[in-house]
Every structure is written in C-alpha cells, then in structure tokens.
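# I need the structure of the sequence given here:
(one chain, ligands or ions: 1)
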Amino acid sequence: MGSPPDTSKTTKLERYNSYLRRMSSAKLLAASSKVLFRATLLATVLLIILLTLHYPFSLSYISIFSYSSPSPHRSLLSSFSDSFGPAWDRDVRRSATPRRDAGLSVLVTGAAGFVGSHCSLALKKRGDGVVGLDNFNSYYDPALKRSRQALLTRHAILIVEGDINDSSLLTRLFATYPFTHVLQLAAQAGVRYAAKNPHSYVASNVAGLVSLFEVAAKSADPQPAIVWASSSSVYGLNEKSPFSESDPTDHPASLYAATKKAGEAIAHTYNHIYGLSFTALRFFTVYGPMGRPDMAYFFFTKAILAGKPITVFRIPGGKDVARDFTYIDDVVKGCLGALDTAEKSTGTPGGGPKTGPAQLRVYNLGNTTPVPVVKLVSILEKLLGVRAKKNVVTMPSNGDVPFTHANIRLAARDFGYQPTTDLSTGLQKFVKWYVHYYGIKLKAEAGGGQMAAA
Ligand SMILES: O=C(O)[C@H]1O[C@H](OP(=O)(O)OP(=O)(O)OC[C@H]2O[C@@H](n3ccc(=O)[nH]c3=O)[C@H](O)[C@@H]2O)[C@H](O)[C@@H](O)[C@H]1O
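You can find the predicted model right below:
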C-alpha cells in the first residue's frame with residue numbers, strides 16, 4: 001500500500017482561494033453599495049429639481065431671498081402659470097383660504113408691485129386669504145419685485161406668475177378657488193412713460209382689464225366683488241380744488257390718465273350688463289417703503305445720494321408744481337376699507353342677466369395736503385444730509401398736471417378713510433427703508449454735523 005496522498009498543501013490552497021473569494025465579494029459589496037448610494041443621491045437631487053420646477057410653491061416656503069438684498073436673482077420658484085396640477089391647486093387653495101371667520105379670499109393682481117405687496121401683507125396679517133398674480137415685467141427693476149415676492153412668500157402668500165391678459169390662467173384660478181374679491185392693481189403705471197411706450201398702457205390698463213372683467217363676469221362662480229386702482233390723474237387739467245369724485249374727468253393730460261378713465265368707463269359697462277360690483281380707487285401719488293423706482297421721490301433720493309443733478313418742474317409763470325403725496329399705509333387702510341364694504345356682485349355666473357343693480361363706487365384716496373415738489377426735495381435733503389443739485393425747468397407738456405388735491409369726504413364717510421401720515425414722516429420711513437435695502441450708510445461729515453452717504 002502506498003502512503004496516503006499529502007493533502008496539507010491542497011487544503012491550504014483551498015483555504016487561501018476561499019479567503020480570496022470572501023475578500024472579493026466583500027469588496028464587490030462595498031463597491032456596489034457606493035454605486036447605489038451615489039445613484040440614490042443623484043436621483044434625489046434630480047427629483048428635487050423636478051419638484052421645484054413643477055410645484056414651485058411647495059418649496060417656496062423656504063426663503064431664498066433676503067428682504068434687504070438689493071439684487072436677488074430670479075429663482076426656480078417663480079414660474080407658476082404653467083405648473084397646473086394637484087400641487088398647484090393645493091397651493092392656491094392654501095394661500096386663498098382665510099384663517100378667520102367671515103374672512104375674505106382675495107385675488108390680488110399686481111401683488112409684487114408697490115401697493116399690491118403692501119395690501120397683500122395687510123390682508124394676510126388680519127387673517128384673510130390672499131393669492132397674488134403678477135407678470136414681473138421689467139418696467140422697473142424686477143429684482144425689487146422679487147424681493148417683495150420673497151417677503152410675501154415668508155408670510156405664506158403665493159404669487160402666481162402670469163398676466164391679466166391670460167384668460168385661461170384667470171379662469172383656472174377662479175375654478176380652483178371661489179375668490180370673494182379681486183383687488184385689481186396690475187397696471188402700467190407712470191405718467192411720463194406713456195409717451196415712450198403707449199401700447200403698454202393699452203395692453204395692461206384696457207385690454208388686461210377687459211380680460212379680467214370678462215372672466216369675473218362669465219367664468220367665476222360666484223362672481224367676485226372688484227376693487228381696483230384708478231388714479232388721481234383722471235382729473236387731468238381740472239382747475240377746481242380740491243378734486244371731488246363728481247368733478248368732470250374729460251381732460252386727461254396723459255395716455256396713462258386716458259386709460260384709467262377708460263377703465264372707469266369699462267367698469268361701468270360690466271356693472272351695467274353683468275352686475276359686477278365695482279369700487280374704483282383714485283390713488284394720489286402714493287409713496288413709501290418698497291416703493292416704485294420710477295417715481296420722483298425715489299429717483300430723486302438715488303440721484304441726491306450719488307451727487308447727481310435732479311430736474312424739478314415748475315409751472316410756466318414760476319408757480320410750484322404740487323402733489324397730494326399719500327403715504328402707503330394710509331392707502332392700504334383705504335383699500336381694505338373698500339374691500340370690507342364692497343357688496344356682492346349680482347350677476348348670474350356664466351354671464352347671464354343680473355338679478356338686480358350692483359354696487360358701483362368711486363373714491364379718492366389722497367392725503368388732502370398738496371405739497372410743492374421743491375418742498376419734497378428739501379425734506380429729502382434734510383433726511384439724507386446732502387444738498388441736491390437742482391435744475392429747475394418749466395414742466396414739459398408730456399403728461400404731467402400742475403397740481404393734485406383730494407377731497408376724501410366720501411371715503412371717510414363710507415369706510416372711515418383718514419390719512420394720518422404727513423410727507424416728512426412718510427419720507428423719513430421711506431429713507432430708512434431705502435438705505436437699509438440698498439446697504440447705504442449715512443455718516444456724519446466732519447464739522448457742521450451734516451450727514452452724507454458713505
Ligand atoms: O397719482 C397718480 O395718479 C399718479 O401718481 C404718480 O404720478 P406723479 O404724481 O406724476 O408722480 P411722480 O412721477 O413721482 O412725480 C411727482 C412730482 O414730481 C414732479 N417731477 C417728476 C419728475 C421729474 O423729473 N421732476 C419733477 O419735478 C412731477 O411733475 C410731479 O409733480 C404715479 O407715478 C402715477 O403712476 C399715478 O399713480
């Protein structure tokens with residue numbers, strides 16, 4: 001018999017092979033876990049991007065703008081109008097639902113605008129439901145509009161991005177939520193710009209208005225009550241002072257004024273035929289924090305701080321041009337008062353006959369104290385601590401009127417409108433906001449205790 005084969009080497013080899021096999025499967029497992037982890041991460045990121053694009057408001061509660069930042073960039077959160085779907089519907093309903101008994105649910109057009117953003121916040125703060133609509137056009141710095149949007153987002157107010165000329169978007173909004181009121185503030189503003197871009201006034205202030213009224217009359221169920229921004233400019237070259245709502249408005253001095261006057265006539269028609277409830281508010285040169293950069297008090301401030309000249313208009317013959325400058329908080333109170341006292345529309349949804357006459361009102365929302373523009377400049381000089389370089393010229397005849405002065409008796413009687421902010425106090429609040437927003441430091445100059453921009 002031969003000796004048994006020596007298996008010790010074979011056994012060692014097998015053990016070694018099995019060790020190698022175990023090692024490589026462990027490595028394989030580790031490697032595949034890594035791949036799996038990376039793939040999951042990538043999928044999650046892709047999912048977040050997709051969700052952000054399709055359901056922007058769901059993520060927009062995360063604030064990505066700073067209220068005080070001068071140039072927030074347009075974000076992925078802004079495109080709502082083409083994002084219809086269950087999440088969009090839910091976001092609209094959530095934003096529109098009041099949080100108090102008998103609260104209003106208001107569609108605020110122009111919600112990223114000056115008056116629109118302030119009104120939206122005031123409504124939301126007292127428990128009303130608010131959905132904004134804004135086209136974020138570039139008539140003035142859209143970054144400021146995005147900043148206002150960010151502020152509204154932080155208060156859980158949704159702004160849908162879209163235009164009042166987009167009837168299908170409006171129809172969809174009313175189908176999604178039965179808004180009780182519309183605060184129609186979307187408009188092409190500015191008196192002098194009308195000479196440069198006349199068609200933009202017709203597009204927003206006439207065509208856009210008709211588009212909104214059509215949907216409100218024929219698609220909305222129930223029909224909302226509509227409160228909307230007319231303008232002191234409808235008084236045009238009126239010489240009687242103060243201006244009362246019953247004064248003639250037959251001499252508009254600008255295309256802007258003419259389109260606002262047209263708006264009042266159009267509102268009359270929709271009230272007469274379809275029973276829509278209307279309240280027109282004639283705003284008198286509204287100013288304040290988060291204001292419009294195209295307005296004189298705003299661009300004067302910028303120019304004065306930059307040491308650049310400003311042009312101050314005078315009436316031929318040397319009289320001062322004056323405005324009934326009205327502070328934003330006073331105007332907001334007027335808007336809310338008008339909404340609170342607006343009666344229901346009386347039309348039949350679908351555009352059928354009205355069941356009775358509907359409310360049709362017009363109110364001045366002014367301050368009642370006209371102030372010469374030269375006085376406004378001297379207040380700014382004091383607040384900024386910088387002397388303005390003034391070019392005083394005769395007022396060009398491209399839309400401006402010599403003066404405005406509101407009689408507010410009707411608004412006081414019907415909803416207690418009572419402005420309480422004088423121009424100095426209001427401009428002080430504006431300057432405080434302005435320097436904060438644009439990151440400007442006003443510092444004391446050596447000697448004289450004068451202030452200057454750093
Ligand atoms: O209540 C309104 O219905 C309108 O108010 C506002 O128009 P206005 O009252 O014209 O405000 P704004 O331009 O700030 O000029 C203020 C003053 O500065 C004078 N002004 C203006 C420019 C200039 O370079 N120099 C100057 O002296 C100018 O002559 C005027 O006396 C809104 O813009 C408008 O959208 C509308 O709402």
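
# check contacts around the residue in the stretch 301-450 of the chain positioned nearest to the ligand.
Scanning the stretch 301-450 of the chain for the residue nearest the ligand gives F313, at 3.7 Å (criterion: C-beta to the nearest ligand atom). Bear in mind the C-beta positions are built from the backbone N, C-alpha and C, glycine included. When contacts are counted by C-beta atoms under 8 Å, 6 or more residues apart in numbering, F313 touches 321, 373, 392-396, 400.

# cutoff 10 Å now
Contacts for F313 (C-beta atoms under 10 Å, 6 or more residues apart in numbering) come out as 296, 320-321, 373-374, 391-396, 400, 402.

# which strand or helix spans it?
strand 309-314 (DSSP states H and E).

# packing partners for the following helix or strand past that strand?
Next helix or strand after strand 309-314 toward the C-terminus (DSSP H and E): strand 322-323. Contacts defined by 3 or more C-beta pairs under 10 Å, 6 or more residues apart in numbering; DSSP states H and E place strand 322-323 against strand 371-372, helix 373-384.

# buried sites along the last one?
Yep, that's helix 373-384 we're talking about. 373-374, 376-377, 379-380, 383-384 (16 or more other C-beta atoms under 10 Å).

# check which helices and strands the helix or strand hosting H199 sits against.
Assigned by DSSP H and E, H199 belongs to helix 198-201. Judged by 3+ C-beta pairs under 10 Å, 6+ apart, helix 198-201 is in contact with helix 255-274.

# tell me the contacts of G116?
108-110, 132-134, 145, 148, 152, 159, 183-187, 229, 335.

# so which of these belong to helices?
The members of these that map onto helices under DSSP state H are 145, 148, 152, 335.

# and the ligand, which of the contacts of F313 contact it?
296, 321, 373, 395, 400 (C-beta under 6 Å from any ligand atom).

# farthest pair within these?
With C-beta to C-beta as the measure, no two of the ones next to the ligand among the contacts of F313 lie farther apart than A296 and M395, at 12.0 Å.

# more neighbours, the two?
Using other C-beta atoms under 10 Å, the more surrounded residue of A296 and M395 is A296, with 21 against 18.

# hang on, isn't the more buried one packed against V312?
Yes: between A296 and V312 there is a contact at 8.7 Å, judged by C-beta atoms under 10 Å.

# circling back: next one, pLDDT for the residue of the stretch 301-450 of the chain closest to the ligand please.
Looking at F313, its pLDDT is 96.

# dig out what it forms beta bridges with.
When bridges are taken as DSSP bridges, the partners of F313 come out as V393.

# can you measure across stretch 215-234, start residue to end residue?
End-to-end distance of stretch 215-234: 26 Å, with C-alpha to C-alpha, to the nearest Å as the criterion.

# that one: which residues count as buried?
Going by 16+ other C-beta under 10 Å, stretch 215-234 has these buried residues: 215-220, 223-234.

# cool, stretch 308-327 as well?
Under 16+ other C-beta under 10 Å, the buried positions of stretch 308-327 are 310, 312-314, 320-327.

# ok, which pair from these is furthest apart?
R314 and Y327, at 24.9 Å, using C-beta to C-beta across those.

# can you tell me the closest non-neighbouring residue to P372?
Excluding the flanking residues, the one nearest P372 by C-beta to C-beta, 6 or more residues apart in numbering is D320, at 3.6 Å.

# contact partners for that neighbour?
For D320, the contact set (C-beta under 10 Å, 6+ apart) comprises 312-314, 370-375, 392, 402-403.

# which residues does it bridge with?
Going by DSSP bridges, D320 forms beta bridges with R314.

# repeat for Y363
In this entry, Y363 is beta-bridged to L281, by DSSP bridges.

# would you check that it makes contact with V331?
No: assessed by C-beta under 10 Å, Y363 is found out of contact with V331, at 11.2 Å.

# need the overlap of contacts for these two.
The contact sets of Y363 and V331 overlap at 281, 283, 417 (C-beta under 10 Å, 6+ apart).

# nearest to G127, of those residues?
The closest of the shared contacts of Y363 and V331, once distances to G127 are taken by C-beta to C-beta, is Y417, at 21.3 Å.

# where's the closest one relative to K145, distance?
Distance from Y417 to K145, counting by C-beta to C-beta, to the nearest Å: 27 Å.

# neighbour count for those two, which is higher?
K145 (28 against 24).

# any idea of the pLDDT on the more buried one?
The model's pLDDT for K145 equals 98.

# got the contact list for it?
72, 74, 78, 110-114, 116-117, 134-139, 159, 290.

# try it again with 7 Å
By C-beta atoms under 7 Å, 6 or more residues apart in numbering, the contact set of K145 is 112, 134, 136.

# can you tell me the SS state at the closest residue to V191 other than its chain neighbours?
Spatial nearest neighbour of V191, excluding adjacent residues (C-beta to C-beta, 6+ apart): G399 at 4.3 Å. Following DSSP: H, G, I helix; E, B strand; the rest coil, the label given to G399 is coil.

# taking the stretch 1-150 of the chain, what residue is nearest to the ligand?
V115 (9.2 Å).

# I figured that residue hits K333, correct?
No: applying C-beta atoms under 7 Å as the test, V115 and K333 come out as separate, 12.0 Å apart.

# which of those two has more residues huddled nearby?
Neighbour totals were compared for V115 and K333, and V115 leads with 27 against 20 (other C-beta under 10 Å).

# next one, pLDDT for the more buried one please.
Taking V115 on its own, its pLDDT is 99.

# could you look up the SS state of it?
helix.

# now for it: which residues touch it?
185, 229, 286, 328, 331 are the contacts of V115 under C-beta under 7 Å, 6+ apart.

# repeat the analysis, applying 6 Å as the threshold.
By C-beta atoms under 6 Å, 6 or more residues apart in numbering, the contact list for V115 reads L185.

# next one: the one 3 residues further on
Under the criterion of C-beta under 6 Å, 6+ apart, the contact partners of H118 comprise 328, 332.

# which residues does the strand or helix carrying L169 contact?
Here L169, judged by DSSP H and E, is contained in helix 167-176. By C-beta under 6 Å, 6+ apart, the surrounding residues in contact with helix 167-176 are 81, 89, 92, 162, 211, 215, 219-220.

# would CSV of these with pLDDT and distance to the ligand be doable?
Converted to CSV, the contacts of helix 167-176 look like this (pLDDT from 0 to 100; distance: C-beta to the nearest ligand atom, whole Å):
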residue, pLDDT, distance to the ligand
S81, 44, 25
D89, 96, 35
V92, 97, 29
G162, 97, 22
S211, 98, 21
V215, 98, 25
S219, 96, 29
A220, 97, 27
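
# in helices only, show me the residues you listed.
Short answer: the contacts of helix 167-176 in helices (DSSP H) are 89, 92, 211, 215.
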